[in-house]
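Enquirer: Quick one: sequence plus predicted model below, questions after.
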Amino acid sequence: MLLSQQTQYDRQVAAWLLLCAAVIFGMILLGGVTRLTNSGLSMVEWKPLMGVIPPLSEAEWQATFDKYKQFPEYQKVNRGMDLDGFKSIFMYEYLHRVLGRLIGVLFFIPMLFFAIKGRVRQGVMPKLWILFVLGGLQGLLGWYMVKSGLVDNPRVSQYRLTSHLGLAVIIYSYMLWVAFDLSFQGKRVAAPAAAAWARAIPVLVFLMILSGGLVAGIRAGFAYNTWPLMGTSFIPPLLYSLDPWWVSAFEDITTVQFNHRMFAYVLFGLVHVYAWRALASGAGMAAGLMVAALWFQVVLGISTLLLHVPVWLAALHQGGAVLLLTTSLYTSHVLLRQRG
């Protein structure tokens, strides 16, 4: 039987959204590499339109380098860096920003095409506009984050970095969910207990990613490079030692890393329970993918810590977190799918 015309259109729109989501996944990885190579403060200006053109001559490169020299990162961290060294960190941040603009074009032009051609299912267009607006806000938030490091302390705020990462993940997740809605329609209704787990687990994975953002923001991963102990004990001394105590959860290296580990242990157990419930509800393939992603992420996390946070492995760890979120969203969609 031939597919209905609208079903074909739905699959076209879903394929486009999945492509955009894949590029956003790459953007998140590149953002991690940019942070890990300390490249994020190399571009000290924000030019939404002209910023797509990099320096093209030695004179332009030198002028750009001279602007960088006026800011604290050069003066306090990279003093003595030569032009070639500057070029290497500049290109990571430049590619990160250009990819962000490319995602905007990759999203907006097809969206207009599908809308003009009348191929977007009723009720979906507002969701696409929400994604577009969130993408614009993400660009603004990225510059707001960078500005926090162009001051006396040449480190971006961990709060702004975590917000920037979190919004990227929200955009990615919402885009995937819309694509899943268009791709898979009317197959099953989850049992109430499984439905509750299906709503909770992706949220917990998202919170875990935010926890990792705090670890990255204050470079907590470079401390306590032992496992399962932190130094010589499972529970390190001086937890929550700042005043007021709750600030430690966001600003104290020991507390932030400890919380990230504890969150990981709890999530590890909960995801296995969720996978068992999903298996019992007939979502065996999705549950299997999720458990595989979970174990892959655990290995990446422990290896990143023990090997003192090599750039390539830490970037994979960030990507592994998004992969785990992807599989948990897919499992949840299978369980929560409503009958058409």
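Expert: Alright, I've got the coordinates.

Enquirer: What residues of the longest helix anywhere in the chain count as buried?
Expert: In the chain, with assignment by DSSP state H, the single longest helix is helix 83-116. For helix 83-116, a neighbour-count test (16 or more other CB atoms under 10 Å) marks 86-87, 89-90, 92-97, 99-100, 103-104, 106-107, 110-111, 114 as buried. For every residue, glycine as well, the C-beta is placed using N, CA and C.

Enquirer: Where do the domain boundaries of the chain fall?
Expert: 1-183, 187-340 (automatic domain parsing).

Enquirer: Throw those domains into a markdown table and include mean pLDDT, thanks.
Expert: Output for those, formatted as a markdown table (pLDDT from 0 to 100):
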| stretch | mean pLDDT |
| --- | --- |
| domain 1-183 | 92 |
| domain 187-340 | 92 |
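
Enquirer: Moving C-terminal from the longest helix of the chain, which element do we reach first?
Expert: As assigned by DSSP states H and E, the chain's next helix or strand after helix 83-116 is helix 125-147.

Enquirer: Following element in sequence after that next one, please.
Expert: Beyond helix 125-147 toward the C-terminal end (DSSP H and E), the next one is helix 158-183.

Enquirer: just checking, what packs against that next one?
Expert: If you count contacts as 3 or more CB pairs under 8 Å, 6 or more residues apart in numbering; DSSP states H and E, helix 158-183 packs onto helix 5-36, helix 125-147, helix 192-217, helix 248-251, helix 311-336.

Enquirer: Buried residues of the helix or strand that comes right after the first one, list them for me.
Expert: Pointing back at helix 5-36 there. For helix 5-36, the following helix or strand on the C-terminal side (DSSP H and E) is helix 58-69. Of the residues in helix 58-69, 61, 64-65, 68 count as buried by neighbour count, 16+ other CB under 10 Å.

Enquirer: what's helix 58-69 packed up against?
Expert: helix 83-116.

Enquirer: Who are the contact partners of Phe108?
Expert: Phe132 (CB atoms under 8 Å, 6 or more residues apart in numbering).

Enquirer: Check Lys117 too.
Expert: So Lys117 contacts nothing (CB under 8 Å, 6+ apart).

Enquirer: Now do stretch 85-92: everything it contacts.
Expert: So stretch 85-92 is in contact with 30, 33-34, 37-39, 42-43, 54, 61, 64-65, 68, 78, going by CB under 8 Å, 6+ apart.

Enquirer: By neighbours, which of the residues you listed wins?
Expert: Highest neighbour count within the contacts of stretch 85-92: Ser42, with 25 neighbours (other CB atoms under 10 Å).

Enquirer: hang on, that one packs against Tyr68?
Expert: Yes: the criterion here is CB atoms under 8 Å, and Ser42 meets it with Tyr68 at 6.2 Å.

Enquirer: give the contact list for Tyr224.
Expert: Taking CB under 8 Å, 6+ apart as the test, what Tyr224 contacts is 230-231, 236, 254, 257, 305.

Enquirer: Which residue comes closest to it once chain neighbours are left out?
Expert: When the adjacent residues along the chain are set aside, Tyr224 lies closest to Met230, with 4.2 Å between them (CB to CB, 6 or more residues apart in numbering).

Enquirer: Please determine how far the residue lying closest to Gln158 once chain neighbours are set aside is located from Val309.
Expert: Excluding the flanking residues, the one nearest Gln158 by CB to CB, 6+ apart is Gly217, at 2.5 Å. Taking CB to CB, to the nearest Å as the measure, Gly217 falls 13 Å from Val309.

Enquirer: And those two? Which one has more around it.
Expert: Gly217 (23 against 18).

Enquirer: and the more buried one, what is it in contact with?
Expert: 156-159, 161-162.

Enquirer: Kindly provide the distance from it to Lys117.
Expert: 43 Å.

Enquirer: Over to Ser233: give its phi and psi.
Expert: Dihedral pair for Ser233: phi -150, psi 160, per degrees, to the nearest 10.

Enquirer: Please shift the residue numbers so they start at 7 in all later answers.
Expert: Will do, 7 is the new start, and the previous item becomes Ser239.

Enquirer: quick one: it from Ile259, how far?
Expert: 16 Å.

Enquirer: who has more neighbours, the two?
Expert: Ile259 (17 against 8).
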